[in-house]
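[1] Make a model of this:
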Amino acid sequence: MTESCTVFCLGEALADVYGTAALAGGAPANVAACASLLRCKSAFLGGISKDAYGELIFRELDKRGVDLRFAKRTDRPTAIARVSVSSDGNRSFAFERENTADLCFCEEDVADIPFKSGDILHFCSNCLMDEGMRAAHIAAVTRARSAGAAISYDPNLRPALWTSEEEMLTLSSRMLAEANIVKLSEEEARLFCPNAGSSDEEIFKALFALSTRAELVVITMGEKGGMYALLPTGVLFCGQNSMHIERFAAPNKAPKDTDGAGDCFVGALLASLATRKTPYSPVDVKDAIRAAVAASAISVGRAGAIPSYPSFEELIRSPYFKGNEKG
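    The predicted structure is shown next:
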């Protein structure tokens, strides 16, 4: 681990409720937990309630070594995501989220975050519908970039949180232009680029046109694995010859629970990239993707999000990781 590097995760922490059982969740909180478990410094930036669910979230993140100095404790209630898991391991969500703790962070709360060169600021879209949180994200991105930190964005679209798909796509797509590292699902890539062609090159060309600062764009495709494109820093996109594109396979494993698996993928990806110097080389990214695939393969074999994430030792012992200890 690069001691001076921190992965800062900005956004929501909420309770994933399965029937009567509650687990700590929220995409940025999940990413912070995963990165910390994989020996990368991480910090959570966001609101955490003082209610029973909030205490659970705080304990779970603290137990996994996440820096919580910048978390904002509040009397607002914890947002709840009621999770249903189908027989094939996929999830659906019903949200309870009105004046909740995850929406209490504001622009002033990021004013003293000690971003520095080599750090990574990561966020998703699930707080961007709130004006105050949107301002906090913009301020954090501006401060992090000016300090030399990289910006990571996983839209992690949840239509149930938005008033309309149009609002969701309009506000969430704006942040694509701010990120150096972008991770999307196959469905999200098509939502953002509905007119892109069917080839890998055409999809990535359309995404780089939106993600004008991006160096790395990753698309996950469930049981089909995924693909990524690496664009050298400082190179304007001018066609497929300026990109390094590769596909990657998914482990042949039936999932038990996919809750938080995408966040695990991102956490492992960022934990690995945090040890590399920019601009990233194709070898750096290939190693990071291998770590991300292995970590998420372990996660889907267990219940829940954060409780399913592997330690560094579990990761490097995993057959999915193939003994690569650089991840």
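[2] what's the following helix or strand after the longest helix seen in the chain?
    Criterion DSSP state H: the longest helix present in the chain is helix 282-299. Of the helices and strands lying after helix 282-299 in sequence (DSSP states H and E), the nearest is helix 312-317.
[3] Adjacent strands (with direction) for the helix or strand bottoming out on mean pLDDT in the chain?
    Sorting the helices and strands of the chain by mean pLDDT, DSSP states H and E puts strand 91-96 at the bottom, at a mean of 82. Strand 91-96 sits in its sheet next to strand 80-85 (antiparallel), going by DSSP bridges.
[4] In the partner strand, which residues are buried?
    80-81, 83, 85 (16 or more other C-beta atoms under 10 Å). C-beta coordinates here come from the backbone N, C-alpha and C atoms, glycine included.
[5] And the contacts of that strand?
    The contact list for strand 80-85 (C-beta atoms under 8 Å, 6 or more residues apart in numbering) reads 14-18, 25, 53, 91-97, 257, 259.
[6] Format the CA atom coordinates belonging to it as PDB.
    Provided in PDB are the C-alpha atoms of strand 80-85 (Å, rounded to 0.1, in the frame of the first residue of the first chain):
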ATOM      1  CA  ILE A  80     -33.300   2.400   4.400                       C
ATOM      2  CA  ALA A  81     -33.000   0.200   1.300                       C
ATOM      3  CA  ARG A  82     -35.300  -2.800   1.700                       C
ATOM      4  CA  VAL A  83     -33.600  -5.500  -0.300                       C
ATOM      5  CA  SER A  84     -35.300  -8.500  -2.000                       C
ATOM      6  CA  VAL A  85     -33.000 -11.200  -3.500                       C
END
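[7] Okay, helices next: where are they in the protein?
    Under DSSP H, the chain gives helices at 27-37, 52-63, 131-146, 165-174, 186-192, 200-210, 261-273, 282-299, 312-317.
[8] so of the ones you listed, which one's packed in deepest?
    helix 27-37 (a mean of 31; mean count of other C-beta atoms under 10 Å).
[9] Please work out the average pLDDT along it.
    Across helix 27-37, the average pLDDT comes to 98.
[10] ok, now stretch 76-85?
    89.
[11] got it, and stretch 209-227?
    95.
[12] Equivalent analysis for stretch 137-152, please.
    For stretch 137-152, the per-residue pLDDT averages 98.
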